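J.: Sequence and computational prediction follow.
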Amino acid sequence: MTEYARAAATLLEHCRTGGGYPVHLLQALAEAAWQGEDGAAQALFRGLVEPLCDAFEPELCDQYALLFSAVIAQLLPHWSERELRSRYQRVRRPARVERDYDRVLVLSRVTLGADVAVTSVVLDAVKKRFPSARVGFVGPGKSWELFDRDPRLDHVEAPYSRTGTLRGRLEAGIELRGMLSSSGALVVDPDSRLTQLGLIPVCPEQDYVYFESRAFGGAGHESLTELAARWAAQTFGVEGARPYVAPSAAPAVDEPGLTSMSLGVGENPAKRIHGAFEEQLTGYLLGRGHRLLIDQGAGGEETERVRRLLDLFPGQIRTWSGAFAPFAASIARSSLYVGYDSAGQHVAAACGTPLVTVFAGHPSRRMLERWTPYGAGRRTLVAAEETDWRRVLERAIHAIDQST
């Protein structure tokens, strides 16, 4: 374990026990991450921020706000820690939007799955609440491609690197503030990374509403999609907001009735089932007559795993390599979707495509509940808590048989 990983682990333990944290450790870790020192940003986000957020515990949201407001104030001294925290406490309380706007800007969650499961629900509500307004989707182009066929939306480009330096991530929020602060638009923030989960002010407070997705719903068991719809009802008076996708891209394979499959894990190996799980599951699907379309992912280890399947089953599998939007269009036309916890499951749920999700590596039961895909079609979640891949395979096969 590196010194930065040790610092993050120590800070996390202090947060979980509710005690004061070692200020010098946080300051040193933040400075190293700001300077781009090797492993520092990963330790800060993967080792500290993500565990605080993935627990979906209101008290840990408080701890996140406490720590990260201190980080922002340390590195961007034109803001004070006290001001950031005070503002956060105000905006986190749901408030009804009574005023009409002719321009509404909805911030991307940056990750594809979250933009389908959460942001699209907010977009649906905003379009209904403001039928004459121009609605902007603010975020990276990769996410925008999932909605670019929607005639009510336009794109406001806002790049963000999930694996970049701390400097780059914070500067994305500063750039966004420069774009939005004088826009006169209503800015809707569904817990976006662009604002570091609501902490960076990007517009006047009276023109800003914030969905604190990690605390909203308390100890309930609802998915993030359901919670986003409930928040939208409270905030905009719109009932029944639903997730959706509207890609203009042609399907990766223009053939209805395929079984779409993704083995992507978003750079989190804990989401994978190891052993011969993937090979056996693929063989079973092919043996049952499924015509498979598998996304090769963005390269690296994920692509290598798909290529091994192609070697095992030559000429029997179609694959897609490229942007996610065409694969999403194929999921919408598929008869079944199978995969790990990733963006594909939320696209399938939004489109009503029957799906089987193998959900592994979740640090808490509530995280599993929050990220459970939600939509109109048949949805089966295989919570992989066993260590034996054969038992997970047995349950996944049963779920597939029940879904087809």
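T.: Good, I have the coordinates.

J.: Could you use CA atoms for every contact and neighbour count after this?
T.: Will do.

J.: could you pull out the strands for the stretch 301-404 of the chain?
T.: For the stretch 301-404 of the chain, the strands defined by DSSP state E, counting those that start in this stretch cover 317-320, 336-340, 355-359, 379-383.

J.: Just put those in a markdown table and tack on mean pLDDT and distance to E301.
T.: Output for those, formatted as a markdown table (pLDDT from 0 to 100; distance: least, C-alpha to C-alpha, whole Å):
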| stretch | mean pLDDT | distance to E301 |
| --- | --- | --- |
| strand 317-320 | 96 | 16 |
| strand 336-340 | 96 | 15 |
| strand 355-359 | 96 | 19 |
| strand 379-383 | 94 | 23 |
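
J.: nearest to A298, of those strands?
T.: Nearest to A298 among these is strand 317-320 (10.3 Å), distances taken as C-alpha to C-alpha.

J.: Neighbouring strands - and their directions - for that closest one?
T.: strand 292-295 (parallel) (DSSP bridges).

J.: gap between the partner strand and the chain center?
T.: Offset of strand 292-295 from its chain centre (C-alpha atoms, centre = their mean, to the nearest Å): 22 Å.

J.: Same check on stretch 219-232?
T.: With C-alpha atoms, centre = their mean as the basis, stretch 219-232 stands 15 Å off its chain's centre.

J.: Send me that stretch as CSV with only the CA atoms.
T.: The C-alpha trace of stretch 219-232 is given here as CSV (Å, rounded to 0.1, in the frame of the first residue of the first chain):
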residue,chain,number,x,y,z
ALA,A,219,-33.0,4.1,4.7
GLY,A,220,-35.4,3.1,2.0
HIS,A,221,-34.8,0.4,-0.5
GLU,A,222,-35.7,2.2,-3.7
SER,A,223,-33.4,2.5,-6.8
LEU,A,224,-31.8,5.7,-7.8
THR,A,225,-34.3,5.9,-10.7
GLU,A,226,-37.3,5.7,-8.4
LEU,A,227,-35.7,8.3,-6.1
ALA,A,228,-35.0,10.6,-9.0
ALA,A,229,-38.6,10.4,-10.0
ARG,A,230,-39.8,11.1,-6.4
TRP,A,231,-37.4,14.1,-6.1
ALA,A,232,-38.7,15.4,-9.5
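
J.: Which positions in that stretch come out as buried?
T.: H221, E222, S223, L224, T225, E226, L227, A228, A229, R230, W231, A232 (16 or more other C-alpha atoms under 10 Å).

J.: So among the residues you listed, where is pLDDT lowest?
T.: Here the lowest pLDDT out of the buried residues of stretch 219-232 sits on H221, with 94.

J.: doesn't T372 make contact with it?
T.: No: contact criterion C-alpha atoms under 8 Å: H221 and T372 do not qualify, at 10.0 Å.

J.: Return every residue with contacts to both of those two.
T.: Shared contacts of H221 and T372, defined by C-alpha atoms under 8 Å, 6 or more residues apart in numbering, are absent.

J.: which residue packs closest to R242, ignoring adjacent ones?
T.: V121 (5.0 Å; C-alpha to C-alpha, 6 or more residues apart in numbering).

J.: my bad, E239
T.: Counting by C-alpha to C-alpha, 6+ apart, the residue nearest E239 is A233, at 5.1 Å.

J.: Which pLDDT value belongs to the one you found?
T.: 98.

J.: related to what we said a few turns ago, and the helix or strand hosting the residue nearest to R242, what does it pack against?
T.: Here V121 sits within helix 120-129, counting by DSSP states H and E. Applying 3 or more C-alpha pairs under 8 Å, 6 or more residues apart in numbering; DSSP states H and E, we find helix 120-129 packed against strand 103-107, helix 224-236.

J.: and the residue nearest to E239, how many neighbours?
T.: By other C-alpha atoms under 10 Å, 18 other residues sit near A233.

J.: Relative to V122, how far out is it?
T.: Per C-alpha to C-alpha, to the nearest Å, A233 is found 10 Å from V122.

J.: As a check, name the ranges of all strands in the stretch 1-150 of the chain.
T.: With strands called from DSSP E, counting those that start in this stretch, the stretch 1-150 of the chain shows them at 103-107, 134-139.

J.: ok, A396 - contacts?
T.: By C-alpha under 8 Å, 6+ apart, the neighbours of A396 are V356, V358, V382.

J.: if we go to 10 Å?
T.: Applying C-alpha atoms under 10 Å, 6 or more residues apart in numbering to A396 gives the contacts 277, 281, 338, 356-358, 380-384, 390, 402.

J.: Of those residues, keep whichever come out buried.
T.: Buried among the contacts of A396 by 16+ other C-alpha under 10 Å: F277, L281, V338, V356, T357, V358, T380, L381, V382, A383, A384, R390.

J.: Tell me the one among these nearest to V116.
T.: For those, the nearest to V116 is T357 (15.8 Å; C-alpha to C-alpha).
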